[in-house]
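[1] A predicted structure for the sequence below; I have some questions about it.
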Amino acid sequence: DDELQTDGNQSGHLQNGGLGLAPRNEEVIRIIAAQLAEIGDQFDKEIQERVVNGLVQHFLNENLSNEEITRHMSRVVRELTRAIPSDMEQEKAMLVLAMVLTKKIVNTVPSLLQRVFNTTLNYMNQQFHNYIIEMVSA
């Protein structure tokens, strides 16, 4: 039922521990989503296939817990963030990288959709909840 949108379109609202953003100003949310999608398109070209394949292998490994996969995803996002121009907010870059990685993983192995989505949502809730709330409120 949850949606992960990176293209600027209206998205579903996360519940049950999700971000809990009320659609007070959908135009602001749409503008933010469009900006994130534009950044994501730029990052998409720079992420190497080996990075995606490494993450795919972690998601395919059923012996790894969701927490272990989330930690690995966090490490990969931090490593990729080092290559991002310093004029961009680090939280924004990391948020977009997490979404782009999710898209690339699911495009590589569609059967991982549920596991990758849940892991990304958990990661975003842990790392960026306050940042997302501040971005929408600003």
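    Received, thanks.

[2] For the rest of this, base every contact and every neighbour count on C-alpha atoms.
    Fine.

[3] how close does residue 29 sit to residue 80?
    26 Å (Cα to Cα, to the nearest Å).

[4] Pull the contacting residues for residue 87.
    Neighbour list for residue 87: empty [criterion: Cα atoms under 8 Å, 6 or more residues apart in numbering].

[5] which helices and strands sit right next to the helix or strand where residue 93 lies?
    Using DSSP states H and E, residue 93 sits within helix 90-108. Counting by 3 or more Cα pairs under 8 Å, 6 or more residues apart in numbering; DSSP states H and E, the packing neighbours recorded for helix 90-108 are helix 26-46, helix 49-60, helix 66-81, helix 113-137.

[6] export these to TSV and tack on distance to residue 96?
    What follows is the helices and strands packed on helix 90-108, written out as TSV (distance: least, Cα to Cα, whole Å):
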stretch	distance to residue 96
helix 26-46	6
helix 49-60	15
helix 66-81	9
helix 113-137	10
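
[7] would TSV of those with distance to residue 97 and mean pLDDT be doable?
    Output for the helices and strands packed on helix 90-108, formatted as TSV (distance: least, Cα to Cα, whole Å; pLDDT from 0 to 100):
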stretch	distance to residue 97	mean pLDDT
helix 26-46	7	83
helix 49-60	11	93
helix 66-81	6	92
helix 113-137	11	89
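
[8] Is it possible to get CSV of those that adds mean neighbour count?
    Below are those laid out as CSV (neighbours: other Cα atoms under 10 Å):
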stretch, mean neighbour count
helix 26-46, 16
helix 49-60, 16
helix 66-81, 17
helix 113-137, 16
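
[9] Need the pLDDT of the residue minimising distance to the centre of the chain.
    The centre of the chain sits closest to residue 99, judged by Cα atoms, centre = their mean, with a distance of 2.6 Å. Note for residue 99: predicted pLDDT of 92.

[10] Please tell me I have it right and it contacts residue 120.
    Yes - with contacts counted by Cα atoms under 8 Å, residue 99 reaches residue 120, the gap being 7.4 Å.
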